[in-house]
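Enquirer: I would like to see how this sequence folds:
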Amino acid sequence: MSRLFSRLSIQAKLFIFIAFVPLLVSAFNFTYYSKIHENQALKKLNDHVNGLSEMLAFTAATSLKLKNFESIASAIQWAKEGKRFSYIGIFDAKDQEIAVFNPNEMTLEIPEILRKENTFVFDEKLFVAKPIVYFENRQGTLLLAISLDELYANISDNRIKNLYISLAIIFLGIIVSLLFSQISIRPIRHLTLTAKRVSSEKNYSLRAIKKSDDQVGLLIEQFNAMLEQIQLRDEELLQAKEEAEHANRAKSEFLSRMSHELRTPMNAILGFAQLLDFNPNEPLTKTQQGKKEEILKAGNHLLELINEVLDLSRIESGKLTLSIENVDLVEVMQEVLLLIDPMAKQNNIRIDNQISLQPGESFVFMDRTKLKQIFLNLISNAIKYNRPDGSVTLKGEIISEKEMTLSVVDTGMGISEEQQTQIFEPFNRLDAENSEIEGTGIGLTITKRLLEIMNGSISLKSIPGKGSRFSIHLPRGEAPQLLHKTPYRIEERDGVADEGKKQVVLYVEDNPANLALVQQIMSHHPDMELLSAPQAQMGIDLARAHQPDLILMDINLPEMDGITAMKKLKAYEETRNIPVIALSANAMQKDIDHALQQGFDSYITKPLDVPEFMGKMTETLKNPSSRLKEEKIMS
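Expert: This next block holds a predicted model:
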């Protein structure tokens, strides 16, 4: 009952409380006052009959003493006229009837009645038995009876009147309660509607109108004050958001520019250092070879730092593009172990792969490339920070239907509890920067953030002096029910250069160092001829004139950028089928995606990896469309 009452609206509760008052008043009026009226009417009739009985008894006393029966008959005749008596009887001292008026011929047990109380009700009549006394001597008894029908009729009429009055009170009470509840609830309803609008429209500039100074008015005032605070907070949050977005854009722009500006000189440093190995006529001495290795080592470390800073920036800005799919963990791990094996042998570290999973159990639901990056990071760290002749153990465990755990256990120096709380902080190498071990201090930060983005997590257990155990918890995937092997066939392009004919490559580049590097690379390939242009329009003119087999296009060119130049080349009939590869220091993923969407056949970032660069050029020259056609064989 209380739960039902609590669900009622305030208006309904007010109506019930206010209407309950006239209902109580009406009930009290109908019961209490009706009973009072009945008692008063009966008492009045009783007093009237008792008064008449005393008068008749006094008159009859003298008449009985003198035995004047005519006088007694006259008294009875007087009493019965207009007095509504149903019975009048005078009896002597021996209860013998002397004179009687009995129009209805009632049958009465006179002695029994005369012995009853002085006044009583019998057979819906009021009886009064009054002794007839003459000078303290009882001469007889006077018995009067009057019908109560008229009294009962009056009482019934009075009850009906009281009922009408009660109904009128109830009706007026309902009207008053409705009006009062409407008036009382109006500001609350207005406040409720305003709150609903604020909630649905998220418009905190709305205000409720205060019309009174009572508690409801105070509530509206406080509600408006709360809205004002929320509006102010939202404006501050919006401003902070805009400032954060502006700062994020500025950071992205800065990182993009920094990446481009650093990669441009790095392209020359690493490119020319690599070319030192490609000159058989002037082989490097052992000392020069060592110096070249130091140049490549330092350059690659700087390049790794640039790439990881960009990765971290993409993760933090939420602009990281992922391809979540069912990935075979064992297959990815085998690829990683092939890549990491030379590093393990160089550091004399034994890798013990104890991952043993049944077919179909090794699938996780993650991005394959990022999972490979995570494995490489954890295992390379376990090798770098291990003790001499140490080991790295890989373990896999199925936790549940939805989770799998992979652990990388090393036998290194371990990590103290204090350092464990700092290990995932970016650029914090835990004093390893003072050692000979190379690193950026960002790898574990990126690993942790990548796992969290892909619904995974990472945990660490370490004992100083004994080693560390990094465990990554991965969401399990589903093994494909049917695997299709899809071999690829590279189509040959019509009009491929005849054997012995040089293939022409056009390089549009405004930076002399970058141009010189590519010229040096191409000089080791006599089957290729390089044309160059420092400006986009000159490159377009050369392309239309010579129709080269391949065009390398820098993005940041003076006067006309590389994307615009590429679109113009695609618009001319004589150059539209020539493959165009973007060769740029813009390494941000958004820049790469944008260039490929605009129509570039491929994208190579600076600084160049010479073997990779030549492999990409060779592949493109064999297949100008850069598109591999699939022949699906259903097993």
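Enquirer: what ranges in the stretch 351-500 of the chain fall below the confidence cut-off?
Expert: 427-441, 481-500 (pLDDT under 70).
Enquirer: you'd agree residue 49 is up against residue 126?
Expert: Yes - between residue 49 and residue 126 there is a contact under CB atoms under 8 Å: 6.1 Å. Where you see a C-beta, it was placed from the backbone N, CA and C, and this is true even at glycine.
Enquirer: now list whatever residues contact both of those two.
Expert: The contact sets of residue 49 and residue 126 overlap at 119, 146 (CB atoms under 8 Å, 6 or more residues apart in numbering).
Enquirer: looking at the helix ranked longest in the chain now, give me its mean pLDDT.
Expert: The longest helix of the chain (DSSP state H) is helix 215-275. The average pLDDT within helix 215-275 is 78.
Enquirer: name the helices or strands packed onto that helix?
Expert: Judged by 3 or more CB pairs under 8 Å, 6 or more residues apart in numbering; DSSP states H and E, the packing partners of helix 215-275 are helix 149-201, helix 286-317, helix 512-523, helix 610-622.
Enquirer: right, so of those, which gets closest to residue 330?
Expert: Closest of the helices and strands packed on helix 215-275 to residue 330 is helix 286-317, at 25.3 Å (criterion: CB to CB).
Enquirer: after the closest one, next one along is what?
Expert: Per DSSP states H and E, the first helix or strand lying C-terminal to helix 286-317 is strand 324-328.
Enquirer: quick one: residue 381 from residue 121, how far?
Expert: 113 Å (CB to CB, to the nearest Å).
Enquirer: look at the two and report which has more neighbours.
Expert: Neighbour count, other CB atoms under 10 Å: between residue 381 and residue 121, residue 381 has more, with 21 against 12.
Enquirer: how many neighbours does the nearest residue to that one once chain neighbours are set aside have?
Expert: Nearest residue to residue 381 in three dimensions, chain neighbours excluded: residue 443, at 6.7 Å (CB to CB, 6 or more residues apart in numbering). For residue 443, the count of nearby residues is 22 (other CB under 10 Å).
Enquirer: got the domain ranges for the protein?
Expert: 2-160, 321-475, 489-630 (automatic domain parsing).
Enquirer: report pLDDT for the residue of the chain most remote from its centre.
Expert: In the chain, the residue that sits farthest from the middle, by CA atoms, centre = their mean, is residue 66; the gap is 112.3 Å. Note for residue 66: predicted pLDDT of 74.
Enquirer: could you pull out the helices for the stretch 501-635 of the chain?
Expert: 512-523, 536-546, 562-571, 589-598, 610-622 (DSSP state H, counting those that start in this stretch).
Enquirer: what's the answer for the stretch 351-500 of the chain, then?
Expert: 368-384, 417-420, 443-453.
Enquirer: dump those to TSV, plus distance to residue 277.
Expert: Formatted as TSV, the helices of the stretch 351-500 of the chain follow (distance: least, CB to CB, whole Å):
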stretch	distance to residue 277
helix 368-384	25
helix 417-420	41
helix 443-453	29
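Enquirer: quick check: which of these is nearest to residue 196?
Expert: Using CB to CB, the nearest of the helices of the stretch 351-500 of the chain to residue 196 is helix 443-453, at 37.4 Å.
Enquirer: who does the closest one touch, helix- and strand-wise?
Expert: Checking 3+ CB pairs under 8 Å, 6+ apart, helix 443-453 ends up next to helix 286-317, helix 368-384, strand 457-463, strand 467-475.
Enquirer: so which of the ones you listed gets nearest residue 189?
Expert: That would be, of those and by CB to CB, helix 286-317, which comes in at 46.8 Å.
Enquirer: can you give me the mean pLDDT across the closest one?
Expert: 73.
Enquirer: tell me how far residue 48 lies from residue 144.
Expert: 11 Å.
Enquirer: what of residue 53?
Expert: Relative to residue 144, and taking CB to CB, residue 53 is found at 5 Å.
Enquirer: between the two, who's got more neighbours?
Expert: Comparing residue 53 with residue 144 by other CB under 10 Å, the one with more neighbours is residue 144, at 26 against 20.
Enquirer: quick one: strands adjacent to the strand or helix carrying the more buried one?
Expert: Using DSSP H and E, the element containing residue 144 is strand 137-147. Strand 137-147 sits in its sheet next to strand 85-92 (antiparallel), strand 125-134 (antiparallel), going by DSSP bridges.
Enquirer: most tightly surrounded among these?
Expert: strand 85-92 (a mean of 21; mean count of other CB atoms under 10 Å).
Enquirer: quick one: mean pLDDT for the very next helix or strand once past that one?
Expert: Downstream of strand 85-92, the first helix or strand assigned by DSSP H and E is strand 97-101. Mean pLDDT, strand 97-101: 82.
Enquirer: list the contacts of the nearest residue to residue 206 once chain neighbours are set aside.
Expert: Distances taken as CB to CB, 6+ apart place residue 198 nearest to residue 206, at 5.4 Å, with adjacent residues excluded. By CB under 8 Å, 6+ apart, the residues touching residue 198 are 204, 206, 227.
Enquirer: those, buried ones only, as a PyMOL selection?
Expert: To isolate the buried members of those in PyMOL, using 16 or more other CB atoms under 10 Å:
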select buried, resi 204+227
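Enquirer: I figured residue 507 hits residue 532, correct?
Expert: Yes - at 5.0 Å, residue 507 counts as touching residue 532 under the criterion of CB under 8 Å.
Enquirer: neighbour count winner among these two?
Expert: residue 507 (23 against 19).
Enquirer: report the separation between that one and residue 595.
Expert: 16 Å.
Enquirer: residue 149 and residue 404, how far apart?
Expert: Taking CB to CB, one finds residue 149 at 100 Å from residue 404.
Enquirer: quick one: which of those two has more around it?
Expert: residue 404 (24 against 12).
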